[in-house]
Structure formats: structure tokens, C-alpha cells
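Novice: Fold the stuff below for me.
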Amino acid sequence: MPKSKEFVSSSEDSGSESEEPKQKKKKVEAKTEKKQDKADKKGGGDKAKTTKTNSNGEKMFQIARMRFATVSEFRGKAMVSIREYYEADGDLRPGKKGISLTMDQWNSLKDQIEDIDEAVKQL
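Specialist: Now for the predicted structure:
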């Protein structure tokens with residue numbers, strides 16, 4: 001039995017319709033989103049610095065399409081958060097995925113940036 005996906009008619013007078021299977025339409029939008037996601041993962045994409053201010057007056061620094069670093073105050077302490085956002089009712093809202101760093105943790109991360117970069121280059 002052939003493993004071809006071609007349709008074989010049981011009657012020879014099938015009419016003028018084409019017996020070839022229809023080709024699927026390509027989703028241009030999905031490819032564009034995938035390319036953007038790949039660029040986001042590689043750290044590429046738009047190199048222009050984008051700064052926004054949210055409804056609480058906190059500064060938001062865009063890292064990727066829907067990822068931002070924010071500087072805020074929590075219980076009297078300055079925090080740096082890196083978080084994914086989602087859009088609801090025309091507003092950007094913080095999602096569950098992310099981390100908030102105290103100033104000590106933020107400074108520790110900054111001190112180790114060169115070592116992290118070097119480790120990434122060795123991969």
C-alpha cells in the first residue's frame with residue numbers, strides 16, 4: 001500500500017476538480033513573532049533604549065519586547081525588578097515571572113557582570 005498522501009479516486013469520472021492536496025497557507029505573523037523571540041533571547045532586536053513610566057510613577061527600562069527592569073520602593077527600600085509584563089485593558093501589568101533584587105543583591109550582580117559575560121563566551 002503506498003504511503004503517499006495523494007487522494008486516489010475510486011471513480012474515473014471525478015469531474016474537473018483538482019486531485020492535488022491544497023497547500024497550507026503560511027502564517028507570516030507567527031514567523032515574525034518567532035524571529036522577534038529569537039532576537040530577544042539573543043539580546044538582539046532594537047538597540048534603542050526605551051524608558052517608560054508606569055502608573056505608580058516607577059521608571060521602566062525595556063529589555064525585550066515584554067520584559068522590563070523597574071526601579072521601585074517596597075517597604076521603604078529601593079528595589080530593582082526584572083519582570084515579564086502582559087497587556088490588559090490597554091495597560092502593561094507585571095506578570096508572575098520575574099525577580100526583585102534589593103540594592104545589595106543588585107550591586108552584587110553588577111560586580112559579577114564581567115565574570116558572567118566571560119562564562120557566556122566560553123559556551
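
Novice: so where's the protein uncertain?
Specialist: Scanning the chain for pLDDT under 70 picks out the ranges 1-49.

Novice: So which residues of it form helices?
Specialist: 28-42, 103-111, 113-121 (DSSP state H).

Novice: What separation do you get for N56 and L123?
Specialist: 38 Å (Cβ to Cβ, to the nearest Å). The C-beta positions use only the backbone N, C-alpha and C, and glycine is treated the same way.

Novice: ah, wrong one, I meant R67
Specialist: R67 is 21 Å from L123, by Cβ to Cβ.

Novice: Who has more neighbours out of these two?
Specialist: R67 (16 against 4; other Cβ atoms under 10 Å).

Novice: Run through the residues that contact that one.
Specialist: 40, 82-85 (Cβ atoms under 8 Å, 6 or more residues apart in numbering).

Novice: could I get these as TSV with neighbour count and distance to R93?
Specialist: Below are the contacts of R67 laid out as TSV (neighbours: other Cβ atoms under 10 Å; distance: Cβ to Cβ, whole Å):
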residue	neighbour count	distance to R93
D40	16	19
I82	17	16
R83	18	10
E84	15	10
Y85	20	6
